[in-house]
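Student: need coordinates for the below:
(one chain, ligands or ions: 2)
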Amino acid sequence: MSAHGRSKALTPERDQRGGCLVSVTLNVNGRACTVSSDAGTPLLTVLRDELQLAGPKYGCGQGECGACMVWIDGKPQTACNLPLWAVQGKAVTTVEGLGTPERPHPVQAALIAGNAAQCGYCVAGIVMSAAALLNDNPAPDRVAIVQALDQHLCRCGAHNRMIRAVQNAATAASTDPKAT
Ligand code: FES
Ligand code: FES
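Tutor: Ligands and ions are numbered 1, 2, ... in the order given. The predicted structure follows:
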């Protein structure tokens, strides 16, 4: 699903009409990049349509479902309702910057091991929030995990498996500090 159409509409004609375009420099997954678009273009659109980072997903487009969760300067934030101008100079991390298939983040590894997803549409966002939680609180109890994931909707109803997976990830990280 395409995140949003607006940045695709950038054309020379539109540039010439001018006045509303901004050039924003940000760091995405460790790499500096400069993006020109409407100032109000959602970050999610830029990530998916301009930078080809398809991990963050478009769900509600209103900051209500968590499918588009990324980190801004290390803190989880929904990207669908965050305008491009607001991330000037910020460090943006998407799920692509967190782990790799060869070396998944402990949360990703635990989700895989726990078969904790069905369609997977919500997972990238959940991984970002869960990983941020473990950064702040390496040994969260179930209540803390539920609170951290409260913003995330999973239409497949995989919440309980996901919560168990985050608990397992915390345990794995505590017994193998190299895992983080
Ligand atoms: S798509 Fe961003 S919170 Fe739903
Ligand atoms: S696994 Fe399908 S939406 Fe969560």
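Student: can you get me a residue count around Ala54?
Tutor: By other C-beta atoms under 10 Å, 15 other residues sit near Ala54. (C-beta placed from N, C-alpha, C; glycine too.)
Student: same deal with the one 3 residues further on?
Tutor: Here the number of neighbours of Lys57 (other C-beta under 10 Å) works out to 23.
Student: what about it, helix or strand, and which?
Tutor: Assigned by DSSP states H and E, Lys57 belongs to no helix or strand.
Student: phi first, then psi, for it.
Tutor: As for Lys57, its main-chain torsions (degrees, to the nearest 10) stand at phi -110, psi 150.
Student: what's the neighbour count on the residue nearest to Leu134 when sequence neighbours are not counted?
Tutor: Of all residues not flanking Leu134 in the chain, Ala170 sits nearest, at 5.9 Å (C-beta to C-beta, 6 or more residues apart in numbering). Around Ala170 sit 23 other residues, with neighbours defined as other C-beta under 10 Å.
Student: from the contact counts, what lies against the helix or strand Pro76 falls within?
Tutor: In this structure, Pro76 sits in strand 75-78 according to DSSP H and E. Taking 3 or more C-beta pairs under 8 Å, 6 or more residues apart in numbering; DSSP states H and E as the contact definition, the neighbouring helices and strands of strand 75-78 are strand 69-72, helix 123-136.
Student: mind listing what the residue most central in space within the chain touches?
Tutor: Geometric centre of the chain, nearest residue: Val70, 2.7 Å, by C-alpha atoms, centre = their mean. With contact set as C-beta atoms under 8 Å, 6 or more residues apart in numbering, Val70 has these partners: 43, 47, 56, 76-79, 92-94, 128.
Student: nearest to Gln147 among the residues you listed?
Tutor: Distance ranking of these against Gln147, using C-beta to C-beta, places Pro76 first at 12.2 Å.
Student: quick one: contacts for the closest one?
Tutor: Remark: with contacts taken as C-beta under 8 Å, 6+ apart, Pro76 is in contact with 69-70, 128-129, 132.
Student: got these as TSV, with pLDDT columns?
Tutor: Rendered in TSV, the data for the contacts of Pro76 read as follows (pLDDT from 0 to 100):
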residue	pLDDT
Met69	98
Val70	98
Met128	98
Ser129	98
Ala132	98
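Student: how much space between Arg95 and ligand 1?
Tutor: That one is not Arg; residue 95 is Val. Taking C-beta to the nearest ligand atom, to the nearest Å as the measure, Val95 falls 14 Å from ligand 1.
Student: can you report phi and psi for that residue?
Tutor: When quoted as degrees, to the nearest 10, the phi and psi of Val95 stand at phi -60, psi -30.
Student: who are the packing partners of the helix or strand just after the strand holding Pro76?
Tutor: Next in sequence after strand 75-78, counting helices and strands by DSSP H and E, comes strand 91-93. Applying 3+ C-beta pairs under 8 Å, 6+ apart, one finds that strand 91-93 makes contact with strand 21-28, strand 69-72.
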